[in-house]
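> kindly generate the corresponding structure for this input.
(one chain, ligands or ions: 1)
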Amino acid sequence: MEIAVLGAGRVGTALAVLWSRAGHRIVAVAGGPETRERAATHLPGVPVLGPAEAAQDSEVVVIATPDAMIAEVCERIARAGSIHPGSSVAHVSGATGLDALDAATSIGATTFSIHPLQTIPSVEAGVDRIPGAGFAVTATSEEGEMLGDRLAEDAGGQPFRLADDMKALYHSAGVFASNYLVTITAIAQQIEAEAGVNDSGEYLATLQDATLENIRRVGAADALTGPAVRGDAATVERNLEALAERVPEAVPSYVALAELTAGIAARSGRLPAEGRQAVQEILTRWR
Ligand SMILES: NC(=O)c1ccc[n+]([C@@H]2O[C@H](COP(=O)([O-])OP(=O)(O)OC[C@H]3O[C@@H](n4cnc5c(N)ncnc54)[C@H](OP(=O)(O)O)[C@@H]3O)[C@@H](O)[C@H]2O)c1
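Next up, the predicted model:
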């Protein structure tokens, strides 16, 4: 297929590289001031044009700008006459609905979104890690779904269906699984430094690797260990007292996560009612 990528940043460029490896032709890319250099490095020979010109000669237009710019870029190419009823227009945002592509839908173009459920801090990381990732495909037509599936698969991804009105909810799961994992890790490193354990990054990463491996092997509920799932109220209280003294900003999140942990453990039958009650009494006091 002939594909234009409007917003060839980290994700757009990585997808363009993977699609061209799969035999598609990237006809042009567009973007801001840094896009030219990125394209020269990763997509040699691909012209960098304005959005309307880049979209002009392509079968599929993929908008990979920051979320807030998607609708504006789509309106711009629709107004310029760069897309028509036979065109296909997609975006790659997880939390943004298809309404951001209304300008294209209203002129009869096929619209859809494809979201790689992956963390992509650089083009290189995207090229490495998008293959194998899940891809949420959202479309209101069969044609959009088929095209979304094909583009996801050609980037090496594993497509699954996501309803348009569920996108924000779906995306919040990724925020927990990836972004907050990073936040929790940063706090854990800070706490270890307070405890006099410097350079804890490597030790904590080894612990986390084993935890992720356990989750993959036995599932989240059975992979739980630690004081909340054991009903060990005394240790929960000791943790909280120590945190209150040295890292007080971590207390509210410890309490909130301990409550969720005890709930998961109780529902999976691993934490008897009296253990949960003992833990909850402590947590209620520290809320
Ligand atoms: N990064 C992730 O982990 C990740 C994962 C999945 C999905 N996504 C989604 O992927 C999309 C892009 O995210 P990203 O992380 O790749 O962002 P990014 O690296 O900041 O890239 C954004 C691209 O859009 C360009 N751009 C900025 N403003 C523009 C405008 N007004 N008109 C045209 N182009 C403009 C930028 O140009 P310059 O760089 O030249 O300024 C750049 O080429 C978003 O929808 C995001 O939700 C991101």
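> contacts only, for the residue in the chain positioned nearest to the ligand.
Nearest residue of the chain to the ligand: G9, at 1.7 Å (CB to the nearest ligand atom). C-beta here means a position set from N, CA and C on the backbone, and glycine is covered the same way. Counting by CB atoms under 8 Å, 6 or more residues apart in numbering, G9 makes contact with 31, 35, 38, 64-66.
> just the strands in the stretch 101-250 of the chain please.
Residue ranges of the strands in the stretch 101-250 of the chain, as given by DSSP state E, counting those that start in this stretch, are 110-116, 134-139, 158-161.
> show residues contacting the last one.
By that I understand strand 158-161. So strand 158-161 is contacted by 114, 132-138, 145, 148-149, 152-153 (CB under 8 Å, 6+ apart).
> for the chain, what lies in contact range of the ligand?
Contact residues, the chain versus the ligand (CB under 6 Å from any ligand atom): 6-12, 30-35, 51, 64-67, 69, 73, 92-94, 115-116, 118-120.
> PyMOL command for the buried members of these?
Applying 16 or more other CB atoms under 10 Å to the residues of the chain next to the ligand leaves a buried subset, and the PyMOL line that selects it is:
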select buried, resi 6+7+8+9+10+11+12+30+31+35+51+64+65+69+73+92+93+94+115+116+118+120
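> rewinding a little: just the buried ones from the contacts of strand 158-161, in ChimeraX syntax?
Buried members of the contacts of strand 158-161, defined by 16+ other CB under 10 Å, are picked up in ChimeraX with:
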select :114,133,134,135,136,137,138,145,148,149,152
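> could the contacts of strand 158-161 be laid out in JSON lines, adding pLDDT and distance to A265?
Shown next, in JSON lines, are the contacts of strand 158-161 (pLDDT from 0 to 100; distance: CB to CB, whole Å):
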{"residue": "I114", "pLDDT": "98", "distance to A265": "36"}
{"residue": "G132", "pLDDT": "98", "distance to A265": "31"}
{"residue": "A133", "pLDDT": "98", "distance to A265": "30"}
{"residue": "G134", "pLDDT": "98", "distance to A265": "27"}
{"residue": "F135", "pLDDT": "98", "distance to A265": "33"}
{"residue": "A136", "pLDDT": "98", "distance to A265": "30"}
{"residue": "V137", "pLDDT": "98", "distance to A265": "35"}
{"residue": "T138", "pLDDT": "98", "distance to A265": "34"}
{"residue": "E145", "pLDDT": "98", "distance to A265": "39"}
{"residue": "G148", "pLDDT": "98", "distance to A265": "38"}
{"residue": "D149", "pLDDT": "98", "distance to A265": "38"}
{"residue": "A152", "pLDDT": "98", "distance to A265": "36"}
{"residue": "E153", "pLDDT": "98", "distance to A265": "38"}
